[in-house]
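Q: Below are the sequence and a predicted model for it; my questions follow.
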Amino acid sequence: MNAIEINSLSKYYGKNKGVEDLSLNVPEGEFFGFIGPNGAGKSTLIRTLLGFIYPTSGNAKVLGCNIRDKENVLKSVGYMPSDSSFYSNMKVKDILQLSARLRRKDCFLESEMLCHRLQLNTKKKVEELSFGNRKKLAIVCALQHNPKLLLLDEPTSGLDPLIQHEFFTILHEKNQQGVTVFLSSHVLSEIRRHCTHAAIIKNGKIIACDTIDALSHNQTKRVNIVGNIDISTLSGVKDLHTNDTSYSFLYSGDLNTLLQTLYKFDIIDITISEPDMEEIFMHYYENGGMSNDRVYA
């Protein structure tokens, strides 16, 4: 069964587009990345899946439940928004108990374990917490009831590197137990290290969706040259950096044509390699997706 099924989903705010004609399937047990810069539509999609806002058109299911059945959707989902707000005069332990009571579950042991691993002081009031510690509180609220699906919207901003490492260790443990993780982020290194599949969203539309390996390998190459060349004779060159007799650029043309053209020049050294994830992401964004991109199902 799919943990998430989205069919031709659109959400408009008046004339402004949130997401448009978006379709996506995420199987149960997946560690799935959702990549896009701020304003691309990531939060709009997550809030629509949770029933916090209603779609303009299309439909979706979460764990087999229609998203309009918000109560049943929320029972088995752990949600962490990008910016969490809590009652400032309450202690951390009271916030966690309130969250557990709202779900009608005894979460004490799981909560205690998570607070210990994330180094969260439960005796402090919310108003005494740093931004990073409020993020920790949001993590525990999202995870302590052992949900089947985690919807995490930019979860690591404000966390120090050691806590980020522990947080992802916890997520992988949950994932190995069968929990589906849907991680929304604009930090590409997070997606590359932790997810097996990912979708790239641009202006409310998915422009690429595949395995991380497949997304990382396309016809674009990173070319580095030391020598004297006339760069104007090359087509398909992007992201050019040059300094005297050194050139570095992304090349999306035919490699045989490139080598035949370069043969005329005095080349001291040349390397052709796969671009990194950040460069690939920009390639997709500049080109609006590739013709063979597909919805993962």
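A: Thanks, I have the structure now.

Q: Contact partners for Val26?
A: With contact set as Cβ atoms under 8 Å, 6 or more residues apart in numbering, Val26 has these partners: 2-4, 32, 180, 182, 197, 296. The C-beta positions use only the backbone N, C-alpha and C, and glycine is treated the same way.

Q: Check it and give its pLDDT.
A: pLDDT recorded at Val26 is 97.

Q: So it: helix, strand or coil?
A: The assignment at Val26 comes out as strand when based on DSSP: H, G, I helix; E, B strand; the rest coil.

Q: who's it bridged to?
A: Beta-bridge partners recorded for Val26 (DSSP bridges): Ile4.

Q: let's have the chain start at 288 instead
A: Renumbered: residue one is now 288, and that last one reads Val313.

Q: Do me a favour and average the pLDDT over the longest helix seen in the chain.
A: Scanning the chain for the helix with the most residues, using DSSP state H, yields helix 448-463. Averaged across helix 448-463, pLDDT comes to 97.

Q: picking up where we left off before, export the contacts of Val313 as CSV, with columns for pLDDT, secondary structure and distance to Asn312.
A: Formatted as CSV, the contacts of Val313 follow (pLDDT from 0 to 100; DSSP: H, G, I helix; E, B strand; the rest coil; distance: Cβ to Cβ, whole Å):
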residue, pLDDT, secondary structure, distance to Asn312
Asn289, 95, strand, 5
Ala290, 97, strand, 9
Ile291, 97, strand, 7
Phe319, 97, strand, 10
Thr467, 98, strand, 12
Phe469, 98, strand, 12
His484, 94, strand, 10
Tyr583, 41, coil, 6
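
Q: Closest one to Val349 out of these, please.
A: Among the contacts of Val313, Ile291 lies closest to Val349 (Cβ to Cβ), at 5.9 Å.

Q: which ones are touching the closest one?
A: Ile291 makes contact with 311-313, 336, 347-349, 436, 467, 469 under the criterion Cβ under 8 Å, 6+ apart.

Q: switch the cut-off to 7 Å
A: For Ile291, the contact set (Cβ atoms under 7 Å, 6 or more residues apart in numbering) comprises 311-313, 336, 349, 469.

Q: Over to Lys362: give its phi and psi.
A: Here is the backbone geometry of Lys362 (degrees, to the nearest 10): phi -60, psi -40.

Q: whoops, I mixed them up, Lys423
A: Backbone torsions of Lys423, given as degrees, to the nearest 10, read phi -60, psi -40.

Q: Does it touch Leu407 like I think?
A: Yes - in this structure Lys423 lies within contact range of Leu407 using Cβ atoms under 7 Å: 4.4 Å.

Q: Mutual contacts of the two, please.
A: Common contacts of Lys423 and Leu407 (Cβ under 7 Å, 6+ apart): none found.

Q: any idea of the mean pLDDT for stretch 335-348?
A: Averaged over stretch 335-348, pLDDT sits at 95.

Q: Identify each buried residue in that stretch, please.
A: By 16 or more other Cβ atoms under 10 Å, the buried positions in stretch 335-348 come out as 335-338, 340, 342, 345, 347-348.

Q: How about stretch 477-491?
A: Buried residues in stretch 477-491, counted by 16+ other Cβ under 10 Å: 477-479, 481-482, 484-489, 491.

Q: next one: stretch 395-409
A: Neighbour counts over stretch 395-409 (16+ other Cβ under 10 Å) mark 397-398, 401-402, 404-405, 407, 409 as buried.

Q: Just the CA trace of that stretch, in CSV.
A: The C-alpha atoms that make up stretch 395-409 are tabulated as CSV, following Å, rounded to 0.1, in the frame of the first residue of the first chain:
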residue,chain,number,x,y,z
PHE,A,395,5.8,8.6,28.6
LEU,A,396,8.5,6.0,27.9
GLU,A,397,9.0,7.0,24.3
SER,A,398,9.0,10.7,25.2
GLU,A,399,11.5,10.1,28.0
MET,A,400,13.8,8.2,25.6
LEU,A,401,13.6,10.9,22.9
CYS,A,402,14.2,13.8,25.3
HIS,A,403,17.3,12.0,26.6
ARG,A,404,18.7,11.3,23.2
LEU,A,405,18.1,14.9,22.0
GLN,A,406,19.3,16.4,25.2
LEU,A,407,16.0,18.3,25.9
ASN,A,408,15.5,19.6,29.4
THR,A,409,11.8,18.9,30.2
